[in-house]
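Chemist: for reference, the sequence and a predicted model appear below.
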Amino acid sequence: MLATDGLRAGVVLDPPERMTAEVVVVGSGPAGAVTGSVLAEAGCDVLILEEGPLVAADAHALYSSSEMEAKYRNGGITAAIGRPTVAYVEGRCVGGGAEVNGGLWFRTPSDVLDRWEYEHGVRLEGLDVDLDQLESDLGGVSEAPPSPAGDRLREGARALGWPSFEARCTLLREGTAERRRGMSTTFLPRALRAGARLAPDVRVSHVEIRRNVWVVHASLDRDGSTRKLLIEASTVFVCAGAIQSPSLLRRSGLAPSAGRGLMLHATLKVVAKFAETVNPLEGGRTRPRIPGAMIDAFGPGTNLECAVSGRGHLALELAHHRGGLTWLDEVERVAGYAARIHLVEGSVATIPGLRDPIVRATWPRAALRELSSATKRLCRALLAAGATEILPAIHVDRPIRGESDVDRLPDKLDRATLRPMTIHLSSTCRMGRPSAGAVVDVSGRVFGAPRLFVSDSSVLPTAPRVNPQGTIMAVARRNARLFLEERASRAFRSRTE
Amino acid sequence: MSSSWVIRKLVRAVLDAHGLDTSDRARVADVEGFVSRQIRRAPDAVRPLSEVLLMALALTPSLDLERARAGAATQDATRLLESLVLYRWFDDAGD
């Protein structure tokens, strides 16, 4: 069975020039898919628009360069410009980011929820119920399968007396094989079974309200040709992610503060070599995956974790060190890890005439110090686990082989030689008080725009410091649920008046 | 848009700089195709600049990758180029 089989019934490959729907959902990633399924199952007439193509979930090997070409925005060449520039990736296909990520699953930490309430006035009542339901709907969330690379990280943590844990994930295990439980095999088929329609390759340029009806201006971009579409809807949910959602609002002349306050988890990769196998091969090939082992022992600022250890991914890091690529000759003894901090901010700006927004990253000095501290701790854990040599994604004269080499790493990383990346972006259309620059209220409604919602990572008041997918999906589910409650009470009022 | 000779020269320069065996023409051509497609996909704000810098790099009589990596103007484009070439060259995920 093809992974797209569950989507065939409601996919609109050749949409007419004019369409109507009660609710248009812009984006089919984790937030859009959940929103679409919750609303469709409650009887709403839902049309989901996805800018990217429909790609079978199993059409490409996990984390391969062909998957990058097929499923990532701009082929994966996206960056938040700054000193240093931060490389990031966004999914751009039916199912969005959940079709390309590692499926790690975290509930929103309670200290993060407390901070959102006390600092931003955002109290997300009932979010736990939504998280419970999502975990059930996904068919279970379990500990990520153990791996030698993850085991080494946890051994290092144990040796140093640092607590570590195995993150949970949504991967589906079939024997030794693993498949993503992406949106194209879970919530999108549910939405379509409930009557929703899904139009891939449709990019929304802007939205406007005319006579109390939202008009969505879009285009079908496929095989090099473009055709304009006009869609009328009573309600619009924008679920296009932390970069695209504020861009759409700004292109529509809405929400002047959309795009400010971008938050990202900045990540520095580290490659370690061990005396024994940590990256077992299958048929002579690496098997890229993201082990769930993590060290979260240094307060809310720092995570130490595993990274994808495919041969190509390792080459990206090793190439910057003289002789580094020779490590690939014994790739089964080499694994990638990452130090992650949460102090980097930025903005998303829309420039007339440019299709893609400009994303900027701002690095306070504290972030350079924090990332250095996190990198040193990661190196110490790996040395304690038996790593013989370590190469971090900064300039070093020679591989790190012992504590004295770790001590020699700078306390503040050099902007010029730092090569960070991120996959977690958020907070560009924050929930909260309008007087504090928030774009949406606590249920995702855009201030000053009736029946226009934003419901994705952009509404999170801050970066949630853990993998955000669970939080994003729960917030989207909560917003959809609150919308339905209000819709029901509106219907009741109109029946009784 | 970067012409094919620019991509060819730059891909070869990166592979040579890392001492990689380029005798497998099909593999080299696959990398050239990948780099060319990816550069075309780069965001609006990055693509023209990258193309100009890559063209400038390619026009350098003796392309010194080490200097290009360190140059303030050429650093980002060089990193992008090297990343694309090496990721595809070593990608063994196999589809």
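Modeler: Nice, I can see it. Residues are numbered from 1 along each chain as shown, chains lettered A, B, ... in the order given.
Chemist: B:K9: what's its closest spatial neighbour, skipping adjacent residues?
Modeler: With sequence-adjacent residues excluded and distances taken as Cβ to Cβ, 6 or more residues apart in numbering or on different chains, B:K9 is closest to B:A58, at 4.7 Å. From N, CA and C alone the C-beta is placed, and that goes for glycine too.
Chemist: next up, the contacts around the one you found.
Modeler: Going by Cβ atoms under 8 Å, 6 or more residues apart in numbering or on different chains, B:A58 touches B:W5, B:V6, B:K9, B:L10.
Chemist: before we move on, what SS does the second one have?
Modeler: So that's B:V6. helix (DSSP: H, G, I helix; E, B strand; the rest coil).
Chemist: top of the contacts of B:A58 by neighbour count?
Modeler: Using other Cβ atoms under 10 Å in any protein chain shown as the neighbour criterion, B:L10 leads the contacts of B:A58 with 27 neighbours.
Chemist: got the contact list for the helix or strand encompassing it?
Modeler: In this structure, B:L10 sits in helix B:4-17 according to DSSP states H and E. By Cβ under 8 Å, 6+ apart, the surrounding residues in contact with helix B:4-17 are B:22, B:28, B:31-32, B:35-36, B:39, B:54-55, B:57-58, B:63, B:65-66, B:81-82, B:85-86, B:89.
Chemist: what residues does chain B put near chain A?
Modeler: Contacts of chain B with chain A, taken as Cβ under 8 Å from any Cβ of the partner chain, map to B:18-20, B:34, B:37-39, B:41-46, B:75-76, B:79-80, B:82-84, B:86-95.
Chemist: please, a PyMOL command that selects the buried ones among those?
Modeler: Selection of buried members from the residues of chain B next to chain A for PyMOL, criterion 16 or more other Cβ atoms under 10 Å in any protein chain shown:
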select buried, chain B and resi 18+20+34+38+39+41+42+43+45+46+75+76+79+80+82+83+84+86+87+88+89+90+91+92+93
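Chemist: ok so, going back, among the contacts of B:A58, which one sits closest to A:E119?
Modeler: B:L10 (48.3 Å; Cβ to Cβ).
Chemist: and that closest one, how far from chain A?
Modeler: 15 Å (Cβ to the nearest Cβ, to the nearest Å).
Chemist: helix or strand right after the longest strand seen in chain A?
Modeler: As assigned by DSSP state E, the longest strand anywhere in chain A is strand A:334-349. Per DSSP H and E, the first helix or strand lying C-terminal to strand A:334-349 is strand A:358-362.
Chemist: downstream of that next one, the next helix or strand is which one?
Modeler: helix A:365-384.
Chemist: mind exporting the C-alpha coordinates of that following helix to PDB?
Modeler: C-alpha atoms of helix A:365-384 as PDB (Å, rounded to 0.1, in the frame of the first residue of the first chain):
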ATOM      1  CA  ARG A 365      26.900  37.600  23.500                       C
ATOM      2  CA  ALA A 366      25.300  35.500  26.200                       C
ATOM      3  CA  ALA A 367      24.200  33.000  23.500                       C
ATOM      4  CA  LEU A 368      27.800  32.600  22.300                       C
ATOM      5  CA  ARG A 369      28.900  31.900  25.800                       C
ATOM      6  CA  GLU A 370      26.000  29.600  26.500                       C
ATOM      7  CA  LEU A 371      26.600  27.600  23.300                       C
ATOM      8  CA  SER A 372      30.300  27.300  24.200                       C
ATOM      9  CA  SER A 373      29.400  26.000  27.600                       C
ATOM     10  CA  ALA A 374      26.900  23.500  26.200                       C
ATOM     11  CA  THR A 375      29.500  22.300  23.600                       C
ATOM     12  CA  LYS A 376      32.100  21.800  26.300                       C
ATOM     13  CA  ARG A 377      29.600  19.800  28.400                       C
ATOM     14  CA  LEU A 378      28.700  17.700  25.400                       C
ATOM     15  CA  CYS A 379      32.400  17.000  24.700                       C
ATOM     16  CA  ARG A 380      32.900  16.000  28.400                       C
ATOM     17  CA  ALA A 381      30.000  13.600  28.300                       C
ATOM     18  CA  LEU A 382      31.300  12.000  25.100                       C
ATOM     19  CA  LEU A 383      34.900  11.700  26.500                       C
ATOM     20  CA  ALA A 384      33.400  10.100  29.600                       C
END
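Chemist: so what does the helix or strand following that helix touch, helix or strand wise?
Modeler: Later in the chain than helix A:365-384, the nearest helix or strand by DSSP H and E is strand A:389-392. If contacts are counted by 3 or more Cβ pairs under 8 Å, 6 or more residues apart in numbering or on different chains; DSSP states H and E, strand A:389-392 sits against strand A:262-273, helix A:365-384.
Chemist: what is the last one packed up against?
Modeler: Right, helix A:365-384. Applying 3+ Cβ pairs under 8 Å, 6+ apart, one finds that helix A:365-384 contacts helix A:148-160, strand A:262-273, strand A:293-295, strand A:302-306, strand A:334-349, strand A:389-392, helix A:403-408.
Chemist: tally of neighbours for the nearest residue to A:A307 once chain neighbours are set aside?
Modeler: Excluding the flanking residues, the one nearest A:A307 by Cβ to Cβ, 6+ apart is A:G336, at 3.8 Å. The number of residues packed near A:G336 is 23, by other Cβ under 10 Å.
Chemist: can you tell me which residues contact A:G336?
Modeler: A:A149, A:K269, A:V270, A:V271, A:C306, A:A307, A:V308, A:S309, A:H313, A:L314, A:E317.
Chemist: could you dump those into a markdown table and include pLDDT?
Modeler: Converted to a markdown table, the contacts of A:G336 look like this (pLDDT from 0 to 100):
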| residue | pLDDT |
| --- | --- |
| A:A149 | 96 |
| A:K269 | 95 |
| A:V270 | 97 |
| A:V271 | 98 |
| A:C306 | 94 |
| A:A307 | 93 |
| A:V308 | 91 |
| A:S309 | 94 |
| A:H313 | 94 |
| A:L314 | 96 |
| A:E317 | 92 |
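Chemist: okay, the residues you listed in CSV with neighbour count next?
Modeler: Formatted as CSV, the contacts of A:G336 follow (neighbours: other Cβ atoms under 10 Å in any protein chain shown):
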residue, neighbour count
A:A149, 25
A:K269, 23
A:V270, 25
A:V271, 27
A:C306, 25
A:A307, 24
A:V308, 19
A:S309, 27
A:H313, 21
A:L314, 29
A:E317, 23
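Chemist: kindly report the residues of chain A close to chain B.
Modeler: Counting by Cβ under 8 Å from any Cβ, the residues of chain A near chain B are A:59-67, A:69, A:74-79, A:81, A:85, A:284-286, A:288, A:310-316, A:319, A:325, A:328, A:351, A:354-356, A:358, A:416, A:419.
Chemist: which of those residues fall within strands?
Modeler: Members of those lying in strands (criterion: DSSP E): A:T78, A:A79, A:I358.
Chemist: show me what contacts the second one?
Modeler: Same thing as A:A79. Contact analysis of A:A79 by Cβ under 8 Å, 6+ apart lists A:T85, A:V86, A:A87, A:Y88, A:V359, B:V46, B:D76.
Chemist: do you know how far B:A17 is from A:Y63?
Modeler: 25 Å (Cβ to Cβ, to the nearest Å).
Chemist: same drill for these two, tell me which one is more crowded.
Modeler: Set B:A17 next to A:Y63 and count neighbours by other Cβ under 10 Å: A:Y63 wins out with 22 against 17.
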